[in-house]
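>>> Please find the sequence and the predicted model below.
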Protein chains: 2
Amino acid sequence: MPDKSLRLALLDQARPRPVMLAIAGDSAAGKTTLTRGLTEALGPDRCLSICADDYHRYDREERRDLPFTPLHPDCNHIDILEQHLQLLALGRPILKPNYDHATGTFTRPTYVEPTEFIVVEGLHPLATKLSRACFDVTVFLDPPEAIRHQWKIERDCTKRGYERDQVTAELERREPESAAYIRPQRRWADIVARFAPISGRDDPPGTPLSAELLLRPTIQHPSLADVLPEDRTDTADSAMHLKIIRDADGTPTDCLHVHGHASDEEARQLEKAIWAELDVPGGPPDSLGRIGPDQRSEPLAITQLILLFHLLAARAGRGTP
Amino acid sequence: MPDKSLRLALLDQARPRPVMLAIAGDSAAGKTTLTRGLTEALGPDRCLSICADDYHRYDREERRDLPFTPLHPDCNHIDILEQHLQLLALGRPILKPNYDHATGTFTRPTYVEPTEFIVVEGLHPLATKLSRACFDVTVFLDPPEAIRHQWKIERDCTKRGYERDQVTAELERREPESAAYIRPQRRWADIVARFAPISGRDDPPGTPLSAELLLRPTIQHPSLADVLPEDRTDTADSAMHLKIIRDADGTPTDCLHVHGHASDEEARQLEKAIWAELDVPGGPPDSLGRIGPDQRSEPLAITQLILLFHLLAARAGRGTP
């Protein structure tokens, strides 16, 4: 009877388990940009990123005749994604499928061995209870729809071979499924990040978007209250605020604002304070906050640094491999 | 901490578990022919077959520069095969890779849900302890090398786009790895099947090959001794023999010979007796023994029937799904 040995094998606890981070959000919500800074900071030997779009069930051709879009769970191998997340979380390799966005087809799968850290970004990483159980930290990206539409049009026309009208029509077609299947994942995130311009300000062109970060009490965040005391950050003009607000369900939650016009100096001070809470030599990596060849966003850098804090803290809490 | 829910999820015992059969053997040993009769007998809704060649690690192009052949475990994703066998044995779906022998490349993976019976044929299904633990019944195909070489030349030249000289050179190149990695699996099989002509006989052309089946006491075989009493089968002229012999390690083992010149009538009698031991209505399926559009081999039919017996007996022993 195979039961016993199978049980032992699948649960071999001797393998080092990676720290896993989920970055969920709708198409073009900024998942890849957020992920890139983290994987570059940690380096490819320590951190790999997985795009859940690889778990699409149908290629572009097949999707033309379907009554739903890739946002629908039935359009994806949600159960296989769940299985692969479990295997990775247990320190086991997977044979990962590959979806090529440039051609809209599936290519040869890739053998993936878990590294110390794994970032999984996609449309549905928080959709099932079991998927959520695989992650140490979960993020939901929640930009204003107008900004996201603009990002999607830019990206899909330049990198995925679509026309502008096609993208606009697709966004409209996707809206009900976004409401039904993507946005509900917001409630399962430890951190909800919203990058947006600040209304009422007249910042010069090229000013990065501000970040509004909901830091939920589901995990232990760095103690920002010491660096950003409420009496100081309560002034409307300050570039960084920390406030306690009530979440949708009434739970008290920290909300951090980092404005796009935050000065380098202000940002560095906060970054240093976050870094100091980790028992790690050196300082925050330079790759954080990069949004173009020569462009840097302090709000993005601080968001990424908070995620990096959580990754390293989870690693430390687990003991070295 | 994810541990607990992962444990529960991967070992969910509520799912019906398929009966699994391994057919191991070298390239062109007859694995596909043996498998086909079984899957046709049970039908695609009840039985799926998986070819472990899909777990090759390198495509044909990449293999040109490698110091080993597909017979080497390192040339295959043995750990992923092992993982997929476990998942299937636990009743879970897999996303199976696909290797296209016609082009020598990897194509889009296939979502595979377990059926009642699963036949896994390949070069290494018995190579690791954990793989073996997944199977209810294991077979090793062990034809004489001369016959296998002839089969491989025929197949690779007609179906896989190779030239005869290439196949001969490849067979020579593969010999050390066949000795090191394929043939040792013979010892892990419940049944070792050898299809070969009988030496010293002058059967007319077109006579099917005879089968010599080692029926090891690692599983409970149908009681053939009642149908083939030793005093009757001991005569050299009989078309079917059952003898107790000593296996390589000294263990007493049944050895069944079914000669290629066995008459329909003799064969049917044995088939009826095997079938009668199963509590299943009807009789042996017609698809057994087919080796061509209009050609039937009684030795193959009886081999397949014994395997079918084991599949159905394992199913019955486990209770209906």
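The structure has been received and is ready for your questions.

>>> Tell me, how many residues neighbour whichever residue of the stretch 201-321 of chain A sits closest to chain B?
At 9.6 Å from chain B, residue A:318 is the closest residue in the stretch 201-321 of chain A, using Cβ to the nearest Cβ. No exception for glycine: its C-beta is placed from N, CA and C like everyone else's. Applying other Cβ atoms under 10 Å in any protein chain shown, we find 15 residues neighbouring residue A:318.

>>> Wait, it touches residue A:19, no?
Yes - applying Cβ atoms under 8 Å as the test, residue A:318 and residue A:19 come out as touching, 7.1 Å apart.

>>> near chain B, anything from stretch A:120-131?
Yes - Stretch A:120-131 is in contact with chain B by Cβ under 8 Å from any Cβ of the partner chain, via A:129-130.

>>> For that stretch, buried residues please.
For stretch A:120-131, the neighbour count (16 or more other Cβ atoms under 10 Å in any protein chain shown) marks A:120-128, A:130-131 as buried.

>>> biggest separation within the residues you listed, which pair?
Using Cβ to Cβ, the pair of these lying farthest apart is A:121 and A:130, separated by 18.2 Å.

>>> List the contacts of residue A:280.
Each residue near residue A:280 by Cβ atoms under 8 Å, 6 or more residues apart in numbering or on different chains is listed here: residue A:312.

>>> now it: how far from residue A:192?
Here residue A:280 is placed at a distance of 26 Å from residue A:192 (Cβ to Cβ, to the nearest Å).

>>> go on, residue A:98?
Relative to residue A:192, residue A:98 is positioned 30 Å away (Cβ to Cβ).

>>> max-length helix in chain A?
Secondary structure of chain A per DSSP state H: the longest helix is helix A:298-318.

>>> Now stretch A:158-175 - C-alpha only, CSV.
Extracted in CSV, the C-alpha atoms of stretch A:158-175 (Å, rounded to 0.1, in the frame of the first residue of the first chain):
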residue,chain,number,x,y,z
THR,A,158,4.0,48.4,-26.9
LYS,A,159,4.8,44.9,-25.6
ARG,A,160,1.9,42.6,-26.4
GLY,A,161,1.0,43.6,-29.9
TYR,A,162,-2.5,44.9,-29.3
GLU,A,163,-4.2,48.0,-30.7
ARG,A,164,-5.5,50.8,-28.4
ASP,A,165,-9.2,50.1,-29.2
GLN,A,166,-8.7,46.5,-28.5
VAL,A,167,-7.3,47.2,-25.1
THR,A,168,-10.1,49.6,-24.2
ALA,A,169,-12.8,47.2,-25.3
GLU,A,170,-11.1,44.4,-23.4
LEU,A,171,-11.0,46.5,-20.2
GLU,A,172,-14.7,47.1,-20.5
ARG,A,173,-15.3,43.4,-21.1
ARG,A,174,-13.2,42.5,-18.1
GLU,A,175,-14.8,44.9,-15.6
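
>>> Tell me which residues of that stretch come out buried.
Residues A:162, A:167, A:170-171, A:174 are the ones in stretch A:158-175 that count as buried (16+ other Cβ under 10 Å).

>>> Go through the residues you listed and say which is closest to residue A:206.
Distance to residue A:206, by Cβ to Cβ, is smallest for residue A:167 among the buried residues of stretch A:158-175, at 24.6 Å.

>>> Might you report the residue contacts of that closest one?
Applying Cβ under 8 Å, 6+ apart to residue A:167 gives the contacts A:152-153, A:156-157.

>>> go on, residue A:258?
Applying Cβ under 8 Å, 6+ apart, the residues near residue A:258 are A:210-211, A:213, A:239-240, A:267, A:270, A:298-299, A:302-303.

>>> Could you tell me the model confidence score at it?
Predicted confidence (pLDDT) at residue A:258: the value is 93.

>>> Confirm for me that residue A:137 is in contact with residue A:312.
No - the pair residue A:137 / residue A:312 is not scored as a contact, 10.9 Å apart, by Cβ under 8 Å.
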